[in-house]
Each structure stands twice: as C-alpha cells, then as structure tokens.
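A.B. asks: Using only what follows, build the 3D model:
(chains A, B and C)
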Amino acid sequence: MKSSTVTIEVSAPRRHTYLDLTEELERAVKDSGVTDGAAIVFCPHTTCALLINEWEDGALDDFRDRMLHLVPEDAYYAHDDLERRTQNLDQSHERQNGHSHVKSMLLSATSHAIPVAAGEPLLGRWQRLILFEMDDPKDRQVVFHVFGE
Amino acid sequence: MKSSTVTIEVSAPRRHTYLDLTEELERAVKDSGVTDGAAIVFCPHTTCALLINEWEDGALDDFRDRMLHLVPEDAYYAHDDLERRTQNLDQSHERQNGHSHVKSMLLSATSHAIPVAAGEPLLGRWQRLILFEMDDPKDRQVVFHVFGE
Amino acid sequence: MKSSTVTIEVSAPRRHTYLDLTEELERAVKDSGVTDGAAIVFCPHTTCALLINEWEDGALDDFRDRMLHLVPEDAYYAHDDLERRTQNLDQSHERQNGHSHVKSMLLSATSHAIPVAAGEPLLGRWQRLILFEMDDPKDRQVVFHVFGE
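C.D. replies: Residues are numbered from 1 along each chain as shown, chains lettered A, B, ... in the order given. Next comes the predicted model:
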C-alpha cells in the first residue's frame, strides 16, 4: 500500500473560463508509483469547481451559458449585500461573488474519486479533468491524493 | 494502513436549513489516528445533501432561494401523487417530498472525498462541511470513513 | 488491505431512462472480499450520470422532467453546430448531444464514494445506485473499485 498527496497551483485567465488538468492528474498518478488503486482530486475553494467532461469549446461554452442563465450574475445576492452582511468580511477587498458561491453549491463538484489501473487514471475516451473558475481569477490549488498498490 | 468508520446522528431545525458538520469531520479524523490519507463523508439519505462551501448566512440564503426557484415546492410531483403512485408507499405517513428528491438528485451531493494531512482534513480556508436538509426535519445519519497511515 | 477493480457493461433502453445498478455494486463488494472499507463507483462517460436516490417511478419521472426544463433539448448548443465546431469530430456519425453534456456537467455525478461495512455498501434504506442515460442508448461501462480489510 502506497499513498501520495500533491498540491498544484493554477490560475484561469478570466472569470467563467476553464483549465484542463488531465495531464497534472496523470503526472500525480505516475509520480505516486501507484499502479492499481484510486485517485482523489479535491478543490479547496468555494467559488470554483472540478468538472469531468469533454474538452470541446462549444460544449464548454454551452455549459457556461446555461449556468449563467440558471444562476444570473445580476440577480440580488445577500452574500454581496454589505448593508446586511456581518460574517467573514474582508474589509480591504470583499469580492462581489455571491453568484459563484451559489453555482459552486449547485454543482457540488469539489471532489472526485477516479480508479487507477496500470498506472493511469481510468478516465473514459472523452473525459478530461477540468477546473471551472466561476470567480475573478485568483491562484487556485488542486490536491491529488493517490493510493493503492 | 488504518481505517475507521463512524456514524453520527444530527437533525436540522426546519426544512431548508443547514447544519455545520466540520467539527464532527475533524473529530472523526482525529479519532481515527490517521495522519495522512483521506476521509469519505457519506449521507445515507435521499432528501438531504452534503455541501462543502462557506458558512455565511447570506450565501446560504442565496443558495436556498435559488434552489427553490429552480425546483419549486408548489410544482406537480408524480412522487406525491397518491392517485398514481404504487411503489415504496408508507401508508401511515407518506411525506409530500417530491421536490426534495428532485433537488437531491440535481445536487448529487451524497458523498465527498477529502484528503487528510497532518491529522486534519485538507479543507480550504473558507470551506465548511454542511448538511442541507431539504425535507421536513428528521433524524439524519452522516458516515465518516477515514483511511491512511 | 485488499482492493479490487471491476468494470461492468450496461445499456439503457432509451434516452433519459434509468438503470438500477445496486445489485451490481453489492456483487462487486462481495466479490472483492472486503468487509470494512469503501467502494468507489465511477462512470467513464460524458453524457450519462450516476445518481444515488430512491427508485420510485414518479420521483424518477419528476427528475427527468425537471432536468429537461432546466436544460432543454431544443435550445441552441454550440457543441452541435457543425458550421462552427472543429474539435473531436467523428465525421461518420456525430451525435446531437450538446444538451446531455450540459446536463452531465450540471449534475457532476461521475463518481461516488460509499463506505462498506460487514461486507455491504452502507446505502440508506431508500438509496439505490442508478445510472441516468441522457444520450441516445449506447453501451456504457461502470467501474467499481473496492478497498479495505
């Protein structure tokens, strides 16, 4: 039984853009020395998400457009109402990101567990591991925990 | 390699309210004796969900309001139509909770996998483990399975 | 410490139908010889999802109807716009399945992690493991990775 935990840092170019992290996942699995087991991928943030789907620009545009329709940026968010809010305030620079908290909870895509065989994550032919940034760009961490034989 | 499974019982005060279970998760990790590994959190119910996000009352209100907009309580639900339904009936007290089954499937937030390092779950600065009760309050179980070295 | 990875093949009868895979999960756990540990279930596809909820025809109908309302099949999808698309094209038979990619990302239900005790997955009384096919029927794989003592 081996296990390995590594954290990478990434940053998306703009709000509502995507990063392909599949190669980073494959490297974490390879570097762990695990040939048969599983990989946990974990996003320690509250306004971005980890998707597993196809990297095709049209599909990613479709998904962003649908998310903005379901959870509009210009709706009222109590999280952004500084007349009302009292908790977790960063007075120096409080982001207007209520919409991205709601999207993040709706997706509930904070972690995934992916089987590993022959030293590779068992992703399907079209599956890529994708970070979806829903907030203004900032440095993001992604944690890979790989375990097995 | 160590592992430990513990089940806790909790109950939310009202429908569409939240419970912060972060301390219960931290305790389960500490009690397991695992310092490096991962924790699985699992909700063995069909009308509540486990969220990982910020505990800020405004953001949690925003999310509840959006979920009720996307999946209204006053829509028609075949699950609640006793003229039609034949399966899984509890004649003594069948809840009108079709809306919460739909919300639960939409969220698909039944389990999470969280890396553990230095005896702590690797939650980000703002992340809390939160139970979201979408049904009338009832006793709920949450299972923590911690494994590693 | 034991672990076992098995892949099954299944196929749903029509688009937007469901398959109950609970017995297949129970069999994978039993065949692994693991009595205490966890099971990862993983769907290596981009247009179907793994749900954990009640198998009651009304609730499953309600969920399908709501998903089709939130992500309509007859909306414009760039993924299906062959005037625009350049990536990942299968010239011989490109499916019009943009809607199902969006649904799949919205659900983000590609994997689950389920504790195992006494040789059984710790599913709740009403929980079933359910594949939700959102594309035209095709052969689908589901991977079970079971690990523990």
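A.B. asks: how would you label residue A:3: helix, strand or coil?
C.D. replies: Following DSSP: H, G, I helix; E, B strand; the rest coil, residue A:3 is assigned to strand.
A.B. asks: Would you mind measuring from it to residue B:2?
C.D. replies: 12 Å (C-beta to C-beta, to the nearest Å). C-beta: built from backbone N, CA, C; applies to glycine.
A.B. asks: And those two? Which one has more around it.
C.D. replies: residue A:3 (20 against 12; other C-beta atoms under 10 Å in any protein chain shown).
A.B. asks: if we can go back for a sec, what do residue A:3 and residue B:2 both touch?
C.D. replies: Common contacts of residue A:3 and residue B:2, defined by C-beta atoms under 8 Å, 6 or more residues apart in numbering or on different chains, comprise B:37, B:148-149.
A.B. asks: all strands for chain A, in order.
C.D. replies: A:2-10, A:17-20, A:37-42, A:48-53, A:111-117, A:120-121, A:128-133, A:140-148 (DSSP state E).
A.B. asks: Mean neighbour count, the ones you listed: which tops it?
C.D. replies: Neighbour counts (mean count of other C-beta atoms under 10 Å in any protein chain shown) averaged over each of those peak at strand A:37-42, with a mean of 26.
A.B. asks: Need the contact partners of it.
C.D. replies: Here strand A:37-42 makes contact (C-beta under 8 Å, 6+ apart) with A:2, A:21, A:25, A:28-29, A:50, A:110-116, A:121, A:129, A:142-149, B:38, B:113-115, B:122, C:3, C:40, C:145, C:147.
A.B. asks: Redo the strands of chain A as a markdown table? Include mean pLDDT.
C.D. replies: Below are the strands of chain A laid out as a markdown table (pLDDT from 0 to 100):
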| stretch | mean pLDDT |
| --- | --- |
| strand A:2-10 | 98 |
| strand A:17-20 | 98 |
| strand A:37-42 | 98 |
| strand A:48-53 | 98 |
| strand A:111-117 | 98 |
| strand A:120-121 | 98 |
| strand A:128-133 | 98 |
| strand A:140-148 | 98 |
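A.B. asks: May I see the ones you listed arranged in JSON lines, with distance to residue C:101 as well?
C.D. replies: Shown next, in JSON lines, are those (distance: least, C-beta to C-beta, whole Å):
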{"stretch": "strand A:2-10", "distance to residue C:101": "23"}
{"stretch": "strand A:17-20", "distance to residue C:101": "13"}
{"stretch": "strand A:37-42", "distance to residue C:101": "20"}
{"stretch": "strand A:48-53", "distance to residue C:101": "6"}
{"stretch": "strand A:111-117", "distance to residue C:101": "17"}
{"stretch": "strand A:120-121", "distance to residue C:101": "20"}
{"stretch": "strand A:128-133", "distance to residue C:101": "12"}
{"stretch": "strand A:140-148", "distance to residue C:101": "22"}
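A.B. asks: out of those, nearest to residue B:7?
C.D. replies: Of all these, strand A:111-117 sits nearest to residue B:7, with 20.1 Å by C-beta to C-beta.
A.B. asks: And the closest one, how far out from the chain middle?
C.D. replies: Centroid separation for strand A:111-117 versus its chain: 15 Å, with C-alpha atoms, centre = their mean, to the nearest Å.
A.B. asks: What is that strand packed up against?
C.D. replies: Other elements packing on strand A:111-117 under the criterion 3 or more C-beta pairs under 8 Å, 6 or more residues apart in numbering or on different chains; DSSP states H and E are strand A:37-42, strand A:48-53, strand B:111-117, strand C:37-42, strand C:111-117, strand C:140-148.
A.B. asks: Contact residues of chain A facing chain B?
C.D. replies: By C-beta under 8 Å from any C-beta of the partner chain, the residues of chain A that approach chain B are A:1, A:3, A:5, A:40, A:42-46, A:70-71, A:77-81, A:84-85, A:87-88, A:98, A:101-102, A:104-106, A:108, A:110-113, A:141, A:143, A:145, A:147.
A.B. asks: tell me what whichever helix in chain A runs longest is packed against?
C.D. replies: Ordering each helix of chain A by length in residues (DSSP state H) puts helix A:57-70 first. Secondary-structure packing of helix A:57-70 (3+ C-beta pairs under 8 Å, 6+ apart): strand A:48-53, helix C:98-107.
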